[in-house]
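**Student:** fold the following, please.
(2 chains)
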Amino acid sequence: MTTTLAGGRAARRQTMRRIRPRRSPAVPLLLAVGAGAVGVLWLWWHNTPSIADDNGKILNAGRITGLLAGYLMALVVLQMARVPALERRVGSDRVARWHAMSGRYTLSLIVAHVFLTMWGYALQAGKSLGDIVQQTIDSINQLPDMGKAAIGTGLFVVIGLTSIGPVRRRLPYDTWYHVHLLTYAAVFLTFWHQITSGNDFAVEPTAKTFWYGLYGTVTALVVWYRILTPLRLNLRHRMHVAAVIEETPGIVSVLIGGRKLHRMGAEAGQFFRWRFLAPGMRFSSHPYSLSAAPRPDMLRITVKAIGDHSARLRELTPGTRVWAEGPYGALTAQRRSKGKVLLVAGGVGITPMRALFETLPGASGDITLLYRANTTQDLALWGELAAIAKERGARLMYAVNSPEGERPDISAENLQRKIPDIDHHDVFMCGPPGFAQSVYEALRGAGVPARRIHHESFEM
Amino acid sequence: MRKSHPIRRVVLATAATVSGVVLLLSLKPASDPAAASAAGAAPQQTAAAQEAPQGGQQGGAQDAGASAGTVTGDAAQTQYGAVQVRLTVANGKITKAEAVQAPKGGLSDQKTALAVPKLNQEAVAAQSAQIDAVSGATYTSTGYKKSLQSALDKMKASSGSSSGSSPGSSSGSSSGSGAAQARTVTGKAVQTQYGTVQVRITVSDGKITKADAVQAPKGGLSDQKTALAVPKLNQEAVAAGTANIDAVSGATYTSTGYKQSLQSALDQAGG
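**Tutor:** Got it, this is the predicted structure:
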């Protein structure tokens, strides 16, 4: 008895040693961004001895908004450079939301900058606000690089318009994506007027150097992580479709073979952006999570046929070349703290949970998986989940609709009844937005702290 | 997973940005304390760049001893327009160089505004046509050097060994008369919100043959504005012969100060 207890403690200690929580670098990153913004404002402050009148105020408001927009634009692009620290530590979903938010904000600053500057120029020329259009045309004709800047600003507006919720939902994904790629052109076009017409850069060579440094760094990161890194990854691992397996009606698994796949550094809970080099699928890439821990010769994704692209997956023939970018995502074991873990999956959200269920460090009884689906037939991968549960001594629960179609009640009380020490769990969650929201509220009601609920959502 | 409140976020971001910008703008003084104290030092710099040690500073005393003459070079055609240089010569030295013609319109306005003041400075400093081209304005620079060379040739031909006791004005483009006694009158220094403006005019036969600013706002934005506005104001002053000249858009304060100082110079010139 004592030996088993000691053995149990030793095993637990060993398990706990394998858990290495890492903090998300989000807070220091946001502080650095804020410090940069303060620096940019200081540049304006330092170069502006005085503001004589209302006209000067309008022009200087235009300068401030322009400087901030130029600074933030570089960061908006940086957020989409697929820098590992952002994708894997902060989390792709969170960075994508930052990107959307800061993109909207930056576009607003650009519009304000153009409006205020042209208004100020018009007033200075003894004209009124009504002449702002003529003033804009004059400025485009007379000032250096302003034609380019005008085209770039037009592109930004188009990109912004196609990204408004209702418009974006109506556009095919590929159209939206390719319009969005014009951002690079727009940033390039608007960069030069900042240097040639921006007073702060004309006056302060240091500021100009810094600006070149900022944009140069972002360009280098984009080229490195969006072009060179995927190129190297795919040349090295040479992935192809090995098999397509129908798990349940409407859910398929795609097995992907390749060379030394364990060397990609993918962890359970992460995803890749996949591009299948088959007719009609070549030009779009989609994020799908790994549904099993990566093996040296095999990766697996499991996908529900919802859209055009996911429906086509079942028609893939073995041997089709695969182009993948990743691994991305921060919903991994390093998110957790040193306690028990509850995994909650809604529908096809089982994929990353399935991989975590297999690999999360934990002693017998530490890991629980709650799987929600419409019917028992929809519980994809159930067989292997049961096998893992048995092998690891983990708990496996499911919640499906009653035969009358009634939805199961996942409430704080029910959760507490099923898992009495739920408030000592880390919770990993993946599922449709409505499901995730209601489970989140139930978990909070059951006493789980917000910082221990780990969730990835690609809803903007 | 915390509830997001998009409207609240938009309102907060807008309010924070607007109030931040308004706060920054309102913290800036209406006039520059540093510029006022630096105004005493600034004119020397400006003057050294463009001006001869003659006259000026005492405020309009007629300069009888060293009278200045002007020589205008031939107009040199460039791809963007004609360049023509006029030199002010005193005691056989170039005390000032200026372009009476330079490319205009579109981009050229800016290039001219950037290049011509530099070329003028270089010409005075070098005392020859061996000056560096201004990068980004190669054609204008080349034309300038040609016209400068021709002005230098004329200067040598006409004044030769003249020691400066006689007014060596040959072919002043607007004064015309070889016998005209040119004199300079400097207007009072006028304070503007961005710095001091002081105008000096050369008067010949009761007409303004030349106008220039011995002091103008400097530093930061002002450098650019001065470079843009002062050459235009100079031209306008010569063309109008009075202080009724148009303000240069984008440099209203400088223009107003310029006009006041010009008026005071005209008053002193008695014309």
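**Student:** state the helix or strand in which residue 200 lies.
**Tutor:** With no chain named, the answer covers chain A. helix A:199-203 (DSSP states H and E).
**Student:** that answer is for a different chain, and I need it for chain B
**Tutor:** Going by DSSP H and E, B:R200 is part of strand B:195-204.
**Student:** that strand pairs with which strands?
**Tutor:** strand B:183-186 (antiparallel), strand B:190-192 (antiparallel), strand B:207-215 (antiparallel) (DSSP bridges).
**Student:** mean pLDDT lowest for which of these?
**Tutor:** Per-segment mean pLDDT for those reaches its minimum on strand B:190-192, at a mean of 78.
**Student:** now do that strand: everything it contacts.
**Tutor:** Contact partners of strand B:190-192, identified using C-beta atoms under 8 Å, 6 or more residues apart in numbering or on different chains, comprise B:36, B:39, B:196-198, B:217, B:253-254, B:256-258, B:260-261, B:264. Any C-beta I mention is one placed from the backbone N, CA and C, and that applies to glycine too.
**Student:** care to break the chain down by domain?
**Tutor:** Let's take chain A. What automatic domain parsing lists as the domains of chain A is A:26-233, A:238-328, A:333-455.
**Student:** meant chain B actually
**Tutor:** With automatic domain parsing as the reference, chain B has domains B:68-180, B:181-271.
**Student:** wait, which of those is closest to A:G198?
**Tutor:** domain B:181-271 (11.0 Å; C-beta to C-beta).
**Student:** starting at the chain centroid, how far to the closest one?
**Tutor:** Centroid displacement of domain B:181-271 relative to its chain, using C-alpha atoms, centre = their mean, to the nearest Å, is 8 Å.
**Student:** repeat that for stretch B:77-93.
**Tutor:** 14 Å.
**Student:** can you check stretch B:129-137 too?
**Tutor:** With C-alpha atoms, centre = their mean, you get 18 Å for stretch B:129-137.
**Student:** again, but for stretch B:89-96
**Tutor:** 18 Å.
**Student:** likewise for stretch A:240-255?
**Tutor:** Taking mean C-alpha positions (C-alpha atoms, centre = their mean), stretch A:240-255 and its chain are 25 Å apart.
**Student:** need the contact partners of that stretch.
**Tutor:** Here stretch A:240-255 has contacts from A:256-258, A:276, A:291, A:298-305, A:313-314, A:316-322, A:348, A:377-381, using C-beta under 8 Å, 6+ apart.
**Student:** now do 6 Å
**Tutor:** A:257, A:298, A:300-305, A:313-314, A:316, A:318-322, A:378, A:380 (C-beta atoms under 6 Å, 6 or more residues apart in numbering or on different chains).
**Student:** buried ones in it?
**Tutor:** A:241-242, A:244, A:247-248, A:250-255 (16 or more other C-beta atoms under 10 Å in any protein chain shown).
**Student:** what do you get for stretch A:400-410?
**Tutor:** A:400, A:410.
**Student:** which residues of the chain fall in strands?
**Tutor:** This is for chain A. A:239-248, A:251-257, A:271-276, A:286-289, A:298-304, A:321-328, A:340-346, A:367-372, A:395-399, A:425-430, A:453-455 (DSSP state E).
**Student:** wait, I meant chain B there
**Tutor:** Using DSSP E, strands in chain B cover B:69-72, B:76-78, B:81-90, B:93-101, B:183-186, B:190-192, B:195-204, B:207-215.
**Student:** dump these to JSON lines, plus distance to A:K418 and mean neighbour count.
**Tutor:** Output for the strands of chain B, formatted as JSON lines (distance: least, C-beta to C-beta, whole Å; neighbours: other C-beta atoms under 10 Å in any protein chain shown):
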{"stretch": "strand B:69-72", "distance to A:K418": "99", "mean neighbour count": "26"}
{"stretch": "strand B:76-78", "distance to A:K418": "87", "mean neighbour count": "19"}
{"stretch": "strand B:81-90", "distance to A:K418": "86", "mean neighbour count": "24"}
{"stretch": "strand B:93-101", "distance to A:K418": "88", "mean neighbour count": "21"}
{"stretch": "strand B:183-186", "distance to A:K418": "94", "mean neighbour count": "24"}
{"stretch": "strand B:190-192", "distance to A:K418": "79", "mean neighbour count": "20"}
{"stretch": "strand B:195-204", "distance to A:K418": "78", "mean neighbour count": "27"}
{"stretch": "strand B:207-215", "distance to A:K418": "85", "mean neighbour count": "24"}
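**Student:** any stretches of the stretch 51-200 of chain B with poor pLDDT?
**Tutor:** B:51-68, B:79-80, B:105-108, B:136, B:159-181, B:193 (pLDDT under 70).
**Student:** 80 instead, please
**Tutor:** Regions of the stretch 51-200 of chain B meeting the criterion pLDDT under 80 cover residues B:51-69, B:75, B:77-82, B:90-92, B:103-111, B:113-114, B:133-139, B:156-183, B:191-195.
**Student:** what sits against B:A269?
**Tutor:** B:A269 neighbours (C-beta under 6 Å, 6+ apart): B:185, B:203.
**Student:** and A:A311, how many neighbours?
**Tutor:** 14 (other C-beta atoms under 10 Å in any protein chain shown).
**Student:** nearest residue to it other than its sequence neighbours?
**Tutor:** Nearest residue to A:A311 in three dimensions, chain neighbours excluded: A:A305, at 4.2 Å (C-beta to C-beta, 6 or more residues apart in numbering or on different chains).
**Student:** CSV for the domains of chain A, including mean pLDDT?
**Tutor:** CSV is the format used below for the domains of chain A (pLDDT from 0 to 100):
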stretch, mean pLDDT
domain A:26-233, 91
domain A:238-328, 90
domain A:333-455, 91
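**Student:** okay, those domains in a markdown table with distance to B:I131 next?
**Tutor:** As requested, the domains of chain A are exported to a markdown table (distance: least, C-beta to C-beta, whole Å):
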| stretch | distance to B:I131 |
| --- | --- |
| domain A:26-233 | 23 |
| domain A:238-328 | 56 |
| domain A:333-455 | 66 |
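**Student:** and of the ones you listed, who's closest to B:D246?
**Tutor:** domain A:26-233 (9.4 Å).
**Student:** what lies in contact with stretch A:362-371?
**Tutor:** A:12, A:15, A:340-345, A:357, A:360, A:393-398.
**Student:** which positions in the stretch 1-150 of chain A make contact with chain B?
**Tutor:** Listed as neighbours of chain B in the stretch 1-150 of chain A under the rule C-beta under 6 Å from any C-beta of the partner chain: A:47, A:49-52, A:57, A:60-61, A:64, A:105, A:124-125.
**Student:** give me the number of residues near the closest residue in space to B:T14 that isn't next to it in sequence?
**Tutor:** Leaving out its chain neighbours, the residue that sits closest to B:T14 by C-beta to C-beta, 6+ apart is A:S108, at 7.9 Å. A:S108 has 17 neighbouring residues, counting by other C-beta under 10 Å.
**Student:** same check, this time on A:R13
**Tutor:** A:R13 - counted by other C-beta under 10 Å - has 10 other residues nearby.
**Student:** list the buried residues for stretch A:20-32?
**Tutor:** For stretch A:20-32, by 16+ other C-beta under 10 Å, it's A:26, A:29.
**Student:** for that stretch, the distance to its chain's centre please.
**Tutor:** For stretch A:20-32, the separation from the chain centroid amounts to 15 Å (computed by C-alpha atoms, centre = their mean).
**Student:** list the contacts for residue 257?
**Tutor:** Defaulting to chain A. Applying C-beta under 6 Å, 6+ apart, the residues contacting A:G257 are A:240, A:242, A:298.
**Student:** that answer is for a different chain, and I need it for chain B
**Tutor:** Applying C-beta under 6 Å, 6+ apart, the residues contacting B:G257 are B:190, B:192, B:197.
**Student:** that'll do, ta.
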